[in-house]
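**Student:** A predicted structure for the sequence below; I have some questions about it.
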Amino acid sequence: MAFEFSEPFVDAHQHFWHLDAHPYPWLQGETVPNFRYGDYSALKRNYLPADLAHDTRGFAPTRTVHIEAEWERADPVAETRWLTGLATTEGRPSAIVAHAALDRGDAAEVLAAQAAFALVRGIRHKPVTAPSAAEAARGVAGSMDDARWRAGYALLETHGLSFDLQAPWWNLDQAAQLARDFPRTLLILNHSGLPADRSTESLAGWRRALERLADAPNTAIKISGLGQRGLPWTEAANLPLIRDAIAIFGASRCMFASNFPVDSLVASYETLLRGFLAAIAGHSEAERRQLLHDNAVRLYRL
């Protein structure tokens with residue numbers, strides 16, 4: 001019997017791209033070295049609202065938050081302009097997290113331009129991070145410690161924008177400091193802090209890093225990106241991590257997110273949603289509603 005789910009839920013992290021019309025270098029010739037899911041050639045196709053509707057037949061999200069998809073960096077505002085038009089004609093997305101290079105000379109100008117769009121709620125700019133826990137260091141140029149990068153981050157509050165952070169757990173000490181230093185800017189951690197290594201030692205480090213970040217009340221987490229290279233997404237592998245993240249941040253600061261179509265490399269949308277529902281089955285009805293819907297509505301001002 002086909003899976004159906006009719007309760008309202010928000011997908012707090014998804015992407016669209018139209019490769020026939022717009023520039024996405026990482027999908028149009030360039031290759032991302034050491035992409036975390038390995039071969040990503042299956043993503044090099046158009047992915048538009050109709051594709052998301054196809055992938056979510058019987059269990060469509062009520063609203064979605066589009067996260068910048070690495071449009072060619074010379075003109076990130078053009079992506080926002082296109083997405084705004086898409087929302088008008090297709091009803092998706094419901095909100096946008098746009099891009100602005102916080103350490104670039106034109107950061108103030110780009111942030112002001114992005115904030116002028118009614119659907120923009122926040123910014124994502126991936127900081128420089130270490131490739132492994134053993135190589136993690138503070139004070140690296142382009143990282144969350146960089147004075148120039150932080151100066152751009154400081155401007156988010158001026159525009160009432162949140163920040164979406166994609167960084168591995170071993171760099172979250174920087175994120176915790178950032179959250180403390182800018183307490184009026186909401187910092188939302190993407191992809192569960194990227195716990196790709198499932199060794200006992202690594203998962204213990206991941207939990208400690210989440211605990212440190214969660215100590216700052218102006219932080220939240222999106223539960224997504226839990227796939228492992230070369231392995232299928234399974235509830236046995238991932239439900240304990242989902243439950244740990246919720247236990248650490250609390251039911252009022254966690255959100256369901258699909259990361260589609262990127263996570264289609266490791267799971268169907270149905271698998272991700274079913275897994276999340278299984279992980280939160282022990283929570284009260286009010287908390288399940290928060291995790292699936294209300295937190296995203298509140299944090300992204302939908």
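**Tutor:** All right, it came through fine. Predicted model only: the values in this text are computed from it and were never measured. Residues are numbered from 1 along each chain as shown.
**Student:** beyond the helix or strand hosting residue 85, next helix or strand please.
**Tutor:** Using DSSP states H and E, the element containing residue 85 is helix 76-90. Downstream of helix 76-90, the next assigned helix or strand under DSSP H and E is strand 95-99.
**Student:** what angle do that following strand and helix 76-90 make?
**Tutor:** On the basis of axes from the mean of the first three to the mean of the last three C-alpha atoms, to 10 degrees, strand 95-99 is oriented at 160 degrees to helix 76-90.
**Student:** same for strand 95-99, what does it pack against?
**Tutor:** strand 63-67, helix 76-90, strand 120-124 (3 or more C-beta pairs under 8 Å, 6 or more residues apart in numbering; DSSP states H and E). C-beta coordinates here come from the backbone N, C-alpha and C atoms, glycine included.
**Student:** pipe the ones you listed into CSV and attach mean neighbour count, distance to residue 248 and mean pLDDT per row.
**Tutor:** Formatted as CSV, the helices and strands packed on strand 95-99 follow (neighbours: other C-beta atoms under 10 Å; distance: least, C-beta to C-beta, whole Å; pLDDT from 0 to 100):
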stretch, mean neighbour count, distance to residue 248, mean pLDDT
strand 63-67, 25, 22, 98
helix 76-90, 16, 32, 98
strand 120-124, 24, 22, 98
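**Student:** coming back round to it: what's the angle between the helix holding residue 85 and strand 63-67?
**Tutor:** 160 degrees.
**Student:** other SSEs contacting helix 76-90?
**Tutor:** helix 49-55, strand 95-99, helix 107-115.
**Student:** of all these, which one is nearest residue 228?
**Tutor:** helix 49-55 (20.8 Å; C-beta to C-beta).
**Student:** tell me the mean pLDDT over that closest one?
**Tutor:** Helix 49-55 shows a mean pLDDT of 98.
**Student:** wait, isn't residue 90 in contact with residue 51?
**Tutor:** No. In this structure residue 90 lies outside contact range of residue 51 using C-beta atoms under 8 Å: 11.0 Å.
**Student:** number of nearby residues for the residue nearest to residue 77 when sequence neighbours are not counted?
**Tutor:** Closest residue to residue 77 apart from its sequence neighbours, by C-beta to C-beta, 6 or more residues apart in numbering: residue 113 at 4.8 Å. Neighbourhood size, residue 113 [other C-beta atoms under 10 Å]: 17.
**Student:** same deal with residue 216?
**Tutor:** 17.
**Student:** contacting residues for it?
**Tutor:** Counting by C-beta atoms under 8 Å, 6 or more residues apart in numbering, residue 216 touches 176, 179-180, 183, 187.
**Student:** just the pLDDT at the residue nearest to the spatial centre of the chain, thanks.
**Tutor:** With distances taken as C-alpha atoms, centre = their mean, residue 190 lies nearest the centre of the chain, 3.7 Å away. Looking at residue 190, its pLDDT reads 98.
**Student:** just to be sure, residue 3 is in a strand?
**Tutor:** No. The assignment for residue 3 (DSSP: H, G, I helix; E, B strand; the rest coil) gives coil, which keeps it out of a strand.
**Student:** understood, closing this out.
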